[in-house]
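J.: Pasting a predicted model and its sequence here:
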Amino acid sequence: MDDSLLTHIEAVARTGKVIVSADDCSVVEMVKETITSGRTASFYLTAEQARTVKSWYWTPERIELSGIKVVTDQERTRIESELGLENIGSFRCTRIQCECGHTYGAFEFLQQGIREHGADAVRAVFALRNSSFLRANPALLAICPNCSQLLRGGGIEYDCDGYGGCCYQE
Ligand SMILES: [Zn+2]
């Protein structure tokens, strides 16, 4: 391990976060266990590790039940023009219907992400090239932008090549 890598690890540890290094199989098992346990954690995985976890998680039944869908051309245009996010690639997510009739989907999710974390942080995640940011059981409270209601079952799930969020609900 070279010195510059250790410098980065030191910087991460200073923030109170931890870095775990293990073989692919152990990492994948750790992520699966976290997802099924319901605990919340964020993982920066290699593309291959992320692919393995997602192919285990996204069974045909789960895809069907969750209603996860890639953004429509219309959503993509709004996300680009109103939120200024150009590179959302294959982003797909589930939708939640609010009691007021408004649908909370990709646009609302990314808009809320920008409001809470800033546009640069959201852009940086989509710009990741070597790692895939995967959140297990993300504690996201979806808020309807139309009526400000907290959405029940706020567990929106999303996925794309560089960025995924899995919720486990059995
Ligand atoms: Zn609403």
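T.: Looks like it arrived, so ask away. Numbering: from 1, shown residues only.
J.: residues making contact with stretch 50-64?
T.: Applying C-beta atoms under 8 Å, 6 or more residues apart in numbering, the contact partners of stretch 50-64 are 24, 28, 31, 32, 35, 45, 68, 132, 134, 159, 164, 166. Where you see a C-beta, it was placed from the backbone N, CA and C, and this is true even at glycine.
J.: can you tell me which of those residues lies nearest to the ion?
T.: Nearest to the ion among these: residue 68, at 21.0 Å, using C-beta to the ion.
J.: returning to what we had before: just the ones of the contacts of stretch 50-64 in strands?
T.: Among these, the members falling in strands (DSSP state E) are 45, 132, 134, 159, 164, 166.
J.: Max pairwise distance over those residues: which two?
T.: Taking C-beta to C-beta as the measure, these span a maximum distance of 12.8 Å, between 45 and 159.
J.: Comparing these two, which shows the higher neighbour count?
T.: Comparing residue 45 with residue 159 by other C-beta atoms under 10 Å, the one with more neighbours is residue 159, at 24 against 20.
J.: can you pull out the strands in this protein?
T.: 41-46, 69-70, 92-93, 96-97, 103-104, 131-136, 158-159, 163-166.
J.: and the third one, how far out from the chain's middle?
T.: Distance of strand 92-93 from the chain centroid (C-alpha atoms, centre = their mean, to the nearest Å) equals 9 Å.
J.: That one pairs with which strands, and in what direction?
T.: strand 69-70 (antiparallel), strand 158-159 (antiparallel) (DSSP bridges).
J.: give me every residue that touches residue 43.
T.: 27, 31, 34, 133, 134, 135, 136.
J.: run the last query once more with 10 Å
T.: Residue 43 is in contact with 20, 27, 30-31, 34-35, 49-50, 53, 131-136, 164, counting by C-beta atoms under 10 Å, 6 or more residues apart in numbering.
J.: Write a ChimeraX command that selects only the buried members of these.
T.: Buried subset of the contacts of residue 43, written as a ChimeraX selection, criterion 16 or more other C-beta atoms under 10 Å:
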select :27,30,31,34,35,49,50,53,132,133,134,135,136,164
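J.: Can you pull out the low-pLDDT segments for this protein?
T.: 1, 152-154, 169-170 (pLDDT under 70).
J.: Now for residue 45 and residue 159: what residues contact both?
T.: By C-beta under 10 Å, 6+ apart, residue 45 and residue 159 have these common neighbours: 54, 132, 134.
J.: from these, which is closest to residue 115?
T.: Among the shared contacts of residue 45 and residue 159, and counting by C-beta to C-beta, the member closest to residue 115 is residue 134, at 22.2 Å.
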